[in-house]
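Undergrad: attaching a predicted model along with its sequence, questions to come.
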Amino acid sequence: MSPLRDTTAAHPAWLCLFASLALSLLGVYAIDLGSAPAAPQSAMQLAPLAFRQLLFVGVGLLAAVMIAAPSARTLRSLSWPALAVCVLLLIFLLLPFVPTWLVTPRNGVRGWIDIGPVDLQPAELAKIAFVMACAAYLRFSKHHRTLLGLLPSALLTFVPVGLIVLQPDLGTALLFLPAIFAMLIVAGARMKHIAAVVLIGAMAAPASYPFLHQYQKQRIIGLIAQLQGQRGGADDINYQAYTAQAVAGSGQMFGYSDSKARAVIRYAQLPERHNDMIFAVLLCRFGFLGALGIIALYGLWLAGALIAAALCKDAFGRLVLVGVSAIMAVQAAVNMAMVLGFMPIVGLTLPFVSYGGSSMVSVWLMTGLVFGIAMRRAPRLTRPSFEFDD
């Protein structure tokens, strides 16, 4: 029986596909903008990083098609093995005897496995496997409606989060929390229990400060200095933050022309302008109005995914859609906030836009999940999702 037999072409995930394509192509342009002194005349004349990013977009599209094809039932059966594989890869990254040619630390982070022409970042794939496994666990469970019943979900979250924190990659690890909270709420967890967990976590957070790495402490100190209006660290810990804000602010309302934006970005020597700080490049080119357009594209993606979740009658599918939506929304918001100086720099990419193969594939996998779930009609006699008699 074909997995595509009971499908429909009329569904809201087309909004996600359009937004994903627009953001991906915008990212290719932004990477070229920050890398080359002149605009390319064709795709073959793109800067090397931009051309590689264009190839990553193609791989991401293929990955989206592959994950959209199986039914929700098949994806559910694969969720736990996928999470197990991701956890094993995260453990592999931390093994001290792994040769450096295979796992090369970058800026002190052991987060990538070098596999020839590309580098695999298991944490990016772990986000998706985690959402699928949590959805499989919560789909017909009632235990999470008690305070102690939240413990299995907490333990399930702690495993990948703990391994990613040890890399250390605090930014990526934090994305698991909004995903599990969003899925628990949709699955019927009581808000008073969620609020209690959040309150306990907020009260315990200051106690984790002594365990942070020195550079992480410096970023927090640098952010506090920025918020207080101090210029201390402008040539040190806050150099990247202040430079990003200067480049972003230079675009003002309407942005610069292509040639002038390239000159400003090249002269400013903004670190990581192809990666974490790419939002500053886009603000320089397109200004405040352009930033609103970029935010609107993320809003369009979220609207497509959340409308699909509201229409989805399958419990697993609905939770997956909510989980990936939470990750997408928080990751985009945090990246923009850290570029604009409202949050410390935590090394999170801007989805679809920042350079990177693993990150590009992961966000396109999310789009593929949304599309595959949204395009399938609900089977007859589908069991109602998350209806509890209180």
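TA: Received the coordinates, thanks. Numbering: from 1, shown residues only.
Undergrad: buried stuff in the helix or strand harbouring residue 323?
TA: Element membership for residue 323 (DSSP states H and E) is helix 315-339. Neighbour counts over helix 315-339 (16 or more other Cβ atoms under 10 Å) mark 315-336, 338-339 as buried. In short, each C-beta sits where N, CA and C put it, glycine included.
Undergrad: so which elements touch it?
TA: For helix 315-339, the elements it packs on are helix 72-94, helix 122-138, helix 170-174, helix 176-186, helix 239-250, helix 278-311, helix 357-374, judged by 3 or more Cβ pairs under 8 Å, 6 or more residues apart in numbering; DSSP states H and E.
Undergrad: turn those into CSV, including mean neighbour count.
TA: Formatted as CSV, the helices and strands packed on helix 315-339 follow (neighbours: other Cβ atoms under 10 Å):
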stretch, mean neighbour count
helix 72-94, 17
helix 122-138, 25
helix 170-174, 22
helix 176-186, 21
helix 239-250, 20
helix 278-311, 20
helix 357-374, 26
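Undergrad: nearest to residue 12, of those helices?
TA: Nearest to residue 12, of all these, is helix 278-311, at 4.1 Å by Cβ to Cβ.
Undergrad: what packs against that closest one?
TA: Counting contacts by 3+ Cβ pairs under 8 Å, 6+ apart, helix 278-311 packs against helix 13-35, helix 239-250, helix 258-268, helix 315-339, helix 357-374.
Undergrad: so that helix versus helix 13-35, what angle?
TA: 170 degrees (axes from the mean of the first three to the mean of the last three Cα atoms, to 10 degrees).
Undergrad: what's the closest of the helices and strands packed on helix 278-311 to residue 199?
TA: Using Cβ to Cβ, these put helix 315-339 closest to residue 199, at 19.3 Å.
Undergrad: on that earlier part again, lowest average confidence across the helices and strands packed on helix 278-311, which one?
TA: Of all these, mean pLDDT reaches its minimum on helix 239-250 (a mean of 85).
Undergrad: can you list the low-confidence ranges for the stretch 1-150 of the chain?
TA: Scanning the stretch 1-150 of the chain for pLDDT under 70 picks out the ranges 1-5.
Undergrad: mind redoing it with 90?
TA: Low-confidence regions of the stretch 1-150 of the chain, defined by pLDDT under 90, span residues 1-11, 34-47, 71-73, 96-111, 113-120, 138-150.
Undergrad: ok so, going back, out of the helices and strands packed on helix 278-311, which gets nearest to residue 279?
TA: Using Cβ to Cβ, those put helix 315-339 closest to residue 279, at 4.4 Å.
Undergrad: before we move on, back to that, adding distance to residue 285, write the helices and strands packed on helix 278-311 out as TSV.
TA: Shown next, in TSV, are the helices and strands packed on helix 278-311 (distance: least, Cβ to Cβ, whole Å):
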stretch	distance to residue 285
helix 13-35	6
helix 239-250	10
helix 258-268	4
helix 315-339	14
helix 357-374	21
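Undergrad: list the buried residues for stretch 38-46?
TA: In stretch 38-46, counting by 16+ other Cβ under 10 Å, buried: residue 46.
Undergrad: any idea how far residue 268 lies from residue 101?
TA: According to Cβ to Cβ, to the nearest Å, residue 268 stands 34 Å off from residue 101.
Undergrad: more neighbours: the two, which one.
TA: Neighbour totals were compared for residue 268 and residue 101, and residue 268 leads with 18 against 7 (other Cβ atoms under 10 Å).
Undergrad: which non-adjacent residue is nearest the more buried one?
TA: Closest residue to residue 268 apart from its sequence neighbours, by Cβ to Cβ, 6 or more residues apart in numbering: residue 247 at 5.0 Å.
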